[in-house]
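# no sequence on hand, only this structure:
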């Protein structure tokens with residue numbers, strides 16, 4: 001089994017099975033090792049903590065460093081950080097402290113407590129609209145559920161985190177979350193899904209031009225292909241790509257890990273000379289960096305290969321050295337495997353006394369690593385397995401003979417069945433052609449009816465718009481006239497959608513780029529000369545939305561256009577610019593962006609509590625499509641909405657329920 005790697009940020013844990021735990025500890029320490037020149041370990045007391053704002057972040061970083069030295073001291077520091085944040089009533093720092101405490105409980109295996117703590121952090125971060133932090137918290141909750149073996153729940157939380165990271169455009173965090181989803185699918189033995197999500201993570205990592213996480217993802221993809229045992233060349237190709245980047249970064253542990261994986265491929269293909277070469281490279285790197293555990297692993301691998309090529313003296317020299325190092329560092333898992341290999345080597349040389357000695361050491365160590373009842377169960381399972389295997393082989397021989405006889409008897413029956421099947425299929429084709437002609441006629445009538453419905457809805461909406469326009473001519477109050485004019489614009493935006501549906505094929509989606517261009521022109525014409533110095537650009541190539549999604553998004557765009565034309569460019573002499581964009585992402589996610597370079601919204605405005613009807617309507621429509629809204633004020637105003645196409649999401653749920 002190849003050795004997988006994964007990465008994490010200081011703020012976001014990544015998932016790993018127990019074979020990845022050592023890499024996890026290493027990455028977690030890397031995130032904190034340079035944050036402070038010194039730290040106390042086991043002598044932390046309440047008097048050591050200075051309660052002031054400036055040292056709060058440093059306090060949490062010290063706690064991270066202590067997590068693998070003294071759990072009690074680490075938790076004490078985390079709680080001190082939380083109390084200090086509460087003392088200053090800093091909700092953002094309170095949420096950060098709770099997030100870190102949740103990570104602590106994940107590392108120490110208290111997953112239920114971790115989930116409860118992280119949900120508290122989520123609640124506080126939500127009040128402050130800290131989108132990136134909320135995404136990190138959701139990702140960590142996913143990690144906890146993955147460790148609990150609740151994979152579907154873990155994937156759900158990762159998917160929610162993706163929405164937040166898309167809003168803040170955090171490409172590195174997106175790469176990490178997709179990497180975690182790939183690991184979950186690999187743990188579920190779903191290799192195709194694992195590779196799919198690893199490749200998405202790889203794309204995000206490369207787009208961010210990040211060389212820290214890219215080789216880790218490449219290595220994990222290689223391990224999946226290696227474990228499949230179908231195409232070792234693919235696995236080796238990914239390992240070599242990862243090796244090139246690790247070498248460029250001079251990341252010794254990563255290089256050693258890759259050489260061990262490549263050696264395993266060569267060993268599986270019985271290319272023992274090449275396997276030895278790779279294992280020796282890994283050993284040299286581990287010895288150079290005094291990585292005791294890595295040295296022990298490499299010595300075991302080399303001893304095992306030399307045993308397979310009958311060079312028993314070299315095999316024993318590596319294996320006995322591996323015994324000494326494994327004992328010194330308490331690496332019992334490796335020591336157990338080495339004892340087993342040494343016993344086999346001595347047995348092949350007919351040195352039965354030595355073989356028996358190491359076999360007893362193997363059994364003794366194995367007994368100490370598991371309780372008696374577990375040992376008895378394993379031996380019982382082994383006996384049953386061997387017995388069933390022999391019985392199965394005997395039964396298979398009998399079945400093979402019976403199968404040969406039955407093939408002759410069934411061949412004639414198959415021939416008759418084929419003839420009968422051909423007659424039935426021919427009859428079925430005739431019946432289906434008849435029903436097809438009937439259905440085609442019915443569909444044609446249905447298409448005419450649906451087109452007529454869209455046409456009449458469009459005409460009715462245009463009539464309402466005309467009535468509003470006529471009524472507006474008799475209103476003297478300018479405020480009321482503006483309100484009626486805005487209502488008229490909303491009606492026109494809906495009528496425009498039905499006009500597009502009337503002109504295109506039945507059942508097709510709305511061409512959103514065409515719709516947005518027409519909507520922009522329609523609204524701009526209502527503001528007269530004001531819009532002459534304002535340029536509007538639309539980027540929605542190949543975006544097709546269902547009517548249930550298109551109408552709310554169209555109304556949102558309508559409100560934002562009106563708001564921009566009315567308020568954004570007042571007292572600004574430079575050329576105004578409005579940009580509308582929709583981008584589709586994996587998982588049927590869409591990101592709608594509306595941006596202008598005007599004066600920007602007031603600093604104290606909160607959209608969901610706004611007094612203006614337009615912004616209130618935007619908030620309500622975003623909730624209607626179950627989207628997430630974020631607003632930025634920098635060199636103008638930018639609205640970002642993450643949503644799903646409601647019709648496609650419904651179709652996916654129906655498909656999943658049918659397949660389940």
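Received it, and whenever you're ready, just let me know what you need. Quantities reported herein were computed from a predicted structural model and do not represent experimental measurements. Numbers count the residues shown, from 1 in each chain.

# for the closest residue to residue 632 other than its chain neighbours, give the beta-bridge partners.
When the adjacent residues along the chain are set aside, residue 632 lies closest to residue 638, with 4.5 Å between them (Cβ to Cβ, 6 or more residues apart in numbering). The way it works is simple: take the backbone N, C-alpha and C, and place the C-beta from them, glycine included. With DSSP bridges as the criterion, residue 638 is bridged to residue 595, residue 632.

# residue 638 reaches residue 591, doesn't it?
No - between residue 638 and residue 591 there is no contact under Cβ atoms under 8 Å: 11.7 Å.

# what about the residue nearest to residue 632, distance to residue 176?
25 Å (Cβ to Cβ, to the nearest Å).

# neighbour count for these two, which is higher?
residue 176 (28 against 17; other Cβ atoms under 10 Å).

# what residue ranges in this protein score low on pLDDT?
Within the chain, the stretches with pLDDT under 70 are 1-54, 68-69, 370-392, 440-456, 458, 465, 500-508, 646-660.

# residue 86 in helix, strand or coil?
Of the three states, residue 86 takes helix according to DSSP: H, G, I helix; E, B strand; the rest coil.

# quick check: which element contains the nearest residue to it once chain neighbours are set aside?
Nearest non-adjacent residue to residue 86, counting by Cβ to Cβ, 6+ apart: residue 94, 6.0 Å away. In this structure, residue 94 sits in helix 91-107 according to DSSP states H and E.

# packing partners of that helix?
helix 56-66, helix 71-87, helix 111-127, helix 131-147 (3 or more Cβ pairs under 8 Å, 6 or more residues apart in numbering; DSSP states H and E).

# list the contacts of that helix.
11, 13, 28, 56, 60, 63-64, 67, 74-75, 78-79, 81-82, 84-86, 111, 113-115, 117-118, 120-121, 124-125, 127-128, 130, 133, 136-137, 140-141, 143-144, 147 (Cβ atoms under 8 Å, 6 or more residues apart in numbering).

# looks to me like residue 326 is in a helix.
Yes - per three-state DSSP, residue 326 lies within a helix segment.

# correct me, but it touches residue 332?
Yes - here residue 326 lies in contact with residue 332, judged by Cβ under 8 Å, at a distance of 7.4 Å.

# pick out whichever of those two has more residues nearby.
residue 326 (25 against 14).

# how much space separates the residue nearest to that one when sequence neighbours are not counted from residue 323?
Leaving out its chain neighbours, the residue that sits closest to residue 326 by Cβ to Cβ, 6+ apart is residue 335, at 3.9 Å. With the distance defined as Cβ to Cβ, residue 335 ends up 7 Å from residue 323.

# before we move on, what about residue 280?
In this structure, residue 280 and residue 323 are 19 Å apart, going by Cβ to Cβ.

# check residue 86 too.
53 Å.

# more neighbours: which of these two?
residue 323 (20 against 13).

# check contacts around the more buried one.
335, 338-339, 342.

# same thing but 6 Å
If you count contacts by Cβ atoms under 6 Å, 6 or more residues apart in numbering, residue 323 has them with residue 338.

# so it, which state does it fall into?
Relying on three-state DSSP, one would call residue 323 helix.

# so which strand or helix has residue 641?
Per DSSP H and E: strand 637-644 holds residue 641.

# which parts of stretch 203-222 are buried?
203-205, 208, 213-222 (16 or more other Cβ atoms under 10 Å).
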